[in-house]
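Colleague: Have a look at this prediction, sequence included:
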Amino acid sequence: MQNFTFYLPTEIVFGRATEFCVGQEVRKHGGTKVLLVYGGRSAKESGLLDRVKQALADEALAVAEWGGAQPNPRLDHAEAGVELALREQVDFILAVGGGSVIDTAKAIAHGTANPGVRLWDIWTGKAQLTRSLPVGAVLTIAAAGSETSDSAVLTNMEVGKKAGINTPLNRPVFAIMNPELTCTLPKYQIACGIADIMMHTLERYFLPDQKNQMTDEIAEGLLRTVMANGRIAVRDPHDYDAMSEIMWCGSLSHNDLTGLGRPKDFSVHKLGHALGARFDCAHGASLTSVWGSWAEYVYRNDVGRFCHYGEKVFGLDGEISEQNARAAIAATVGYFREIGMPSSLSELGIGLQEDAVLRELALDATKGDTVELSFIRRLKAEDVHQIFRMANH
């Protein structure tokens, strides 16, 4: 077994009506004045925001509000949230929403604890992050896993770039997880979440020198679980048990448990970030639109791994052969299509792209060809360009 360090400081409060505990959780973790961060109308129209505010009022906690968080969370919106948090002198940031809202809350927490430091400097590594405010989350979308992860992304619309950072300071101190809050989501949004959960595990799974058997078992079990319940959820979003399994899988997929003893790859995420920054497409859909092409480009460098994956996750023939490896790839792409996710750029809804655009996307994904992606096969900008060409149909 490979060495690893695992630390998860996030307290999970899971189940029905758990949002009513949020005031007690904020108080327990030292908050006295809260900046409530949320997205659009759904949190208000569903009554969730009122329930959260009442729970905070029950603990005599002062509240300021910052709504308007968007998918592919925006740098300028987070910066404006920092200005409000400093003006209101808050000491706790509470996110009510999905991954984009939670990532926005993380950014506001970092900026508020470091006044005068530009958020983009933190996200691009120009400024060192050593402190932050505590963040809590009331999760409404099972997808990004941001409620337990050490990662957060921001999109700088001014320069057309999407970037992520990993730091222990990104871990929320608690996460309220009531699966009932996800049952009114549109089916496409549920499917995007399922895809994101799968990708967070697949990005940790396809790495060389696999020796941590228990890590493999956890990853494979999670993939089987989220896929089986995903089929149910896209048919019936009100199935509480299915939505519960998906929500818990989302947290486990991105808290590092499914990749213990391995480096993080996330090469497909880099391709997806380039697409998201340029076309503002749904994150989960951006990933599925290129995963099959990435897999077809790299699988020959570890045929055995793809065959093992096909056997354990899909029940395919595990004998090592190119045919079985490609069957595992096809089964994965087939599942994406089954739940309504794209497997090409045209299916993503952005149309066929000129080759010059594909080259620009490849340079964005590799930071101007200064970073190599993937571990199974090291990918430079021209390799990524070829993957985008394979997906361009």
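Modeller: Structure's in. What do you need?
Colleague: can we go C-alpha only for contacts and neighbour counts from here?
Modeller: Fine.
Colleague: Could I get the full set of strands for the stretch 101-250 of the chain?
Modeller: 135-139, 151-156, 161-166, 174-177 (DSSP state E, counting those that start in this stretch).
Colleague: Before we move on, what's the pLDDT of the closest residue to Arg300 other than its chain neighbours?
Modeller: Ranked by CA to CA, 6 or more residues apart in numbering and with sequence neighbours excluded, the top spatial neighbour of Arg300 is Glu322, at 7.3 Å. What the model reports as pLDDT for Glu322 is 97.
Colleague: Now do Glu322 against Ala328, distance only.
Modeller: 10 Å (CA to CA, to the nearest Å).
Colleague: now the helices for the stretch 151-300 of the chain?
Modeller: Remark: helices assigned in the stretch 151-300 of the chain by DSSP state H, counting those that start in this stretch are 187-205, 213-235, 240-253, 267-279, 283-298.
Colleague: can those go into CSV with extra columns for distance to Phe306?
Modeller: Putting the helices of the stretch 151-300 of the chain into CSV (distance: least, CA to CA, whole Å) gives the following:
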stretch, distance to Phe306
helix 187-205, 10
helix 213-235, 12
helix 240-253, 19
helix 267-279, 16
helix 283-298, 9
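Colleague: Mean pLDDT, mean neighbour count and distance to Met1 added to those, as CSV?
Modeller: Below are the helices of the stretch 151-300 of the chain laid out as CSV (pLDDT from 0 to 100; neighbours: other CA atoms under 10 Å; distance: least, CA to CA, whole Å):
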stretch, mean pLDDT, mean neighbour count, distance to Met1
helix 187-205, 97, 24, 15
helix 213-235, 97, 18, 8
helix 240-253, 97, 23, 20
helix 267-279, 96, 24, 24
helix 283-298, 98, 24, 25
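Colleague: With respect to His77, which of the ones you listed lies nearest?
Modeller: helix 267-279 (15.3 Å; CA to CA).
Colleague: how about the CA coordinates for the closest one, as PDB?
Modeller: Below are the C-alpha coordinates for helix 267-279, written out as PDB (Å, rounded to 0.1, in the frame of the first residue of the first chain):
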ATOM      1  CA  SER A 267      -6.600  16.300 -16.600                       C
ATOM      2  CA  VAL A 268     -10.100  16.000 -18.000                       C
ATOM      3  CA  HIS A 269     -11.200  18.700 -15.600                       C
ATOM      4  CA  LYS A 270      -8.500  21.000 -17.200                       C
ATOM      5  CA  LEU A 271     -10.200  20.400 -20.500                       C
ATOM      6  CA  GLY A 272     -13.600  21.000 -19.000                       C
ATOM      7  CA  HIS A 273     -12.500  24.200 -17.400                       C
ATOM      8  CA  ALA A 274     -11.200  25.500 -20.700                       C
ATOM      9  CA  LEU A 275     -14.600  24.700 -22.300                       C
ATOM     10  CA  GLY A 276     -16.500  26.200 -19.300                       C
ATOM     11  CA  ALA A 277     -14.500  29.500 -19.300                       C
ATOM     12  CA  ARG A 278     -15.000  30.000 -23.100                       C
ATOM     13  CA  PHE A 279     -18.600  28.700 -23.600                       C
END
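Colleague: Let me see the contact set for the nearest residue to Ser149 once chain neighbours are set aside.
Modeller: Closest residue to Ser149 apart from its sequence neighbours, by CA to CA, 6+ apart: Asn255 at 4.7 Å. Contacts for Asn255 (CA atoms under 8 Å, 6 or more residues apart in numbering) come out as 8, 145, 148-150.
Colleague: Looking at these, which is nearest Leu275?
Modeller: Leu275 has its nearest neighbour among the contacts of Asn255 in Gly145, at 20.3 Å by CA to CA.
Colleague: Make sure that closest one is actually in contact with Asp256.
Modeller: No - here Gly145 lies out of contact with Asp256, judged by CA atoms under 8 Å, at a distance of 10.3 Å.
Colleague: ok, the two, which is more surrounded?
Modeller: Gly145 (27 against 23; other CA atoms under 10 Å).
Colleague: OK, contacts around the more buried one?
Modeller: Going by CA under 8 Å, 6+ apart, the list of residues near Gly145 reads 99, 197, 250-255.
Colleague: what do you get if the cut-off is 7 Å, keeping everything else the same?
Modeller: Residues near Gly145 by CA atoms under 7 Å, 6 or more residues apart in numbering: 99, 250-251, 253-254.
Colleague: Which two of those have the greatest separation?
Modeller: Across the contacts of Gly145 (CA to CA), the longest gap, 13.3 Å, separates Gly99 and Ser253.
Colleague: picking up where we left off before, can I get the strands of the stretch 101-250 of the chain in a markdown table with distance to Asp121 and mean pLDDT?
Modeller: Listed next are the strands of the stretch 101-250 of the chain as a markdown table, based on distance: least, CA to CA, whole Å; pLDDT from 0 to 100:
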| stretch | distance to Asp121 | mean pLDDT |
| --- | --- | --- |
| strand 135-139 | 21 | 98 |
| strand 151-156 | 11 | 96 |
| strand 161-166 | 11 | 94 |
| strand 174-177 | 27 | 98 |
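Colleague: Format these as JSON lines; extra columns: mean neighbour count.
Modeller: JSON lines is the format used below for those (neighbours: other CA atoms under 10 Å):
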{"stretch": "strand 135-139", "mean neighbour count": "28"}
{"stretch": "strand 151-156", "mean neighbour count": "23"}
{"stretch": "strand 161-166", "mean neighbour count": "17"}
{"stretch": "strand 174-177", "mean neighbour count": "26"}
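Colleague: Compare those strands and report which one is nearest to Gly15.
Modeller: Between Gly15 and these, the shortest separation by CA to CA is 6.2 Å, and it involves strand 174-177.
Colleague: so how many other residues sit close to the closest residue to Pro168 other than its chain neighbours?
Modeller: Counting by CA to CA, 6+ apart, Pro168 lies nearest to Asp150, which is 5.3 Å off, once chain neighbours are set aside. Neighbours of Asp150 under the rule other CA under 10 Å: 20.
Colleague: for Asp150, phi and psi?
Modeller: Per-residue torsions, Asp150: phi -100, psi 20 (degrees, to the nearest 10).
Colleague: Please consider this matter closed, and thank you.
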